[in-house]
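Colleague: mind looking at a prediction? Sequence and model below.
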Amino acid sequence: MRALIIIFLTAVSLLAHSQTNIEEKFGTEVIGSISMEFDYPQSIKVESWKGKEVIVKGTAKINGGKDDREFVLRRSISGDRLELKGTIPELKKLQNPVTAIDGKDTLRFESKTEFESYRVSSGRKFSTVNMGPDIRIHLHILVPENIPVSIDSKYGFVEISGMPNLTEVNATYGGIEAFVDRKVNRSLILETNYGKIFADPSLKFQSLISKDFHSKVRILGSNGLETFLSSKYGNIYLKK
């Protein structure tokens, strides 16, 4: 019986920490541009490569692994534009667990009712209480270096590396970290409303707007092309 109990507990532990791997490939033979739109990934890393495919890899863990399949990556074609959209269509139907933090202790409850029952019976007070689906999605995307790319992320943090034909990144609530290759010589325009802009000291930039919480700067290039990086609430980090 003891052996059976140990095996059972081990299986439950593995299930609670499971996650679903994501791997998709999309051809670009007749594609002139790529647009990406994401709602809930916590992090999105996008890099350029010399291949001819868009490759999306990552992991999804929603509510401890029980709702991983609710994350959907959709592909569509509009003219010569490849459109990728990652979303959770049935978000409102997902279970809403409660995560409560008390110092170093983090407790997870299946429902608000379960949490309230425990809080009252134990008399514990928590410094932080989060209610809603536990969504942990991380993506790593490779795109052909010769195709223009735009990225829109609602909640996630976007990391950009290389990307000589990046046209725009908008990360509303997350933020942006971009590694700049000045050999490309595109002009960069960075804008945030409530975050801050951090740039490598060697990058010379021109302030366009600096009022209250609104900041907008430009780093001039020489080839007449522009890349826009914006985050309404997050920070923007520009590195060499």
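Modeller: Happy to help now that I have it. Numbering: from 1, shown residues only.
Colleague: can you pull out the low-pLDDT segments for this structure?
Modeller: Low-confidence regions of the chain, defined here as pLDDT under 70, cover residues 1-17, 182.
Colleague: so which residues make contact with the helix or strand harbouring residue 137?
Modeller: Element membership of residue 137 [criterion: DSSP states H and E] is strand 135-144. Here strand 135-144 makes contact (C-beta atoms under 8 Å, 6 or more residues apart in numbering) with 19, 22, 28, 34, 36, 38, 40-62, 71, 86, 88, 149, 156, 163. C-beta here means a position set from N, CA and C on the backbone, and glycine is covered the same way.
Colleague: likewise stretch 213-226?
Modeller: Counting contacts by C-beta under 8 Å, 6+ apart, the residues touching stretch 213-226 from outside are 167, 184-194, 196-197, 199, 203-210, 238.
Colleague: now with 6 Å, please.
Modeller: For stretch 213-226, the surrounding residues in contact (C-beta atoms under 6 Å, 6 or more residues apart in numbering) are 185-194, 197, 203, 205-209.
Colleague: among those residues, name the ones in strands.
Modeller: Cross-referencing the contacts of stretch 213-226 against strands under DSSP state E gives 187-192, 197, 206-209.
Colleague: now the two most distant members of the residues you listed.
Modeller: Distances among those were taken as C-beta to C-beta; the most separated pair is 187 and 192, at 17.6 Å.
Colleague: and the two? which has more neighbours close in?
Modeller: Comparing residue 187 with residue 192 by other C-beta atoms under 10 Å, the one with more neighbours is residue 192, at 23 against 16.
Colleague: which residues touch the nearest residue to that one once chain neighbours are set aside?
Modeller: Leaving aside its chain neighbours, residue 192 sits nearest to residue 231 (5.1 Å; criterion: C-beta to C-beta, 6 or more residues apart in numbering). Residue 231 makes contact with 171, 175-176, 192, 195, according to C-beta under 6 Å, 6+ apart.
Colleague: which one of these has the most neighbours?
Modeller: Within these, most neighbours by other C-beta under 10 Å means residue 171, with 28 neighbours.
Colleague: just the buried residues out of the contacts of strand 135-144, in PyMOL syntax.
Modeller: To isolate the buried subset of the contacts of strand 135-144 in PyMOL, counting by 16 or more other C-beta atoms under 10 Å, use the following:
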select buried, resi 19+22+28+34+36+38+40+41+43+44+45+46+47+48+54+55+56+58+59+60+61+62+71+86+88+149+156+163
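Colleague: give me the element residue 115 is part of.
Modeller: Element membership of residue 115, judged by DSSP H and E, is helix 112-122.
Colleague: contacts for the helix or strand following that helix next, please.
Modeller: Remark: after helix 112-122, the chain's next helix or strand is strand 128-131, criterion DSSP H and E. Contacts with strand 128-131, where a contact means C-beta under 6 Å, 6+ apart, come from 96, 98-101.
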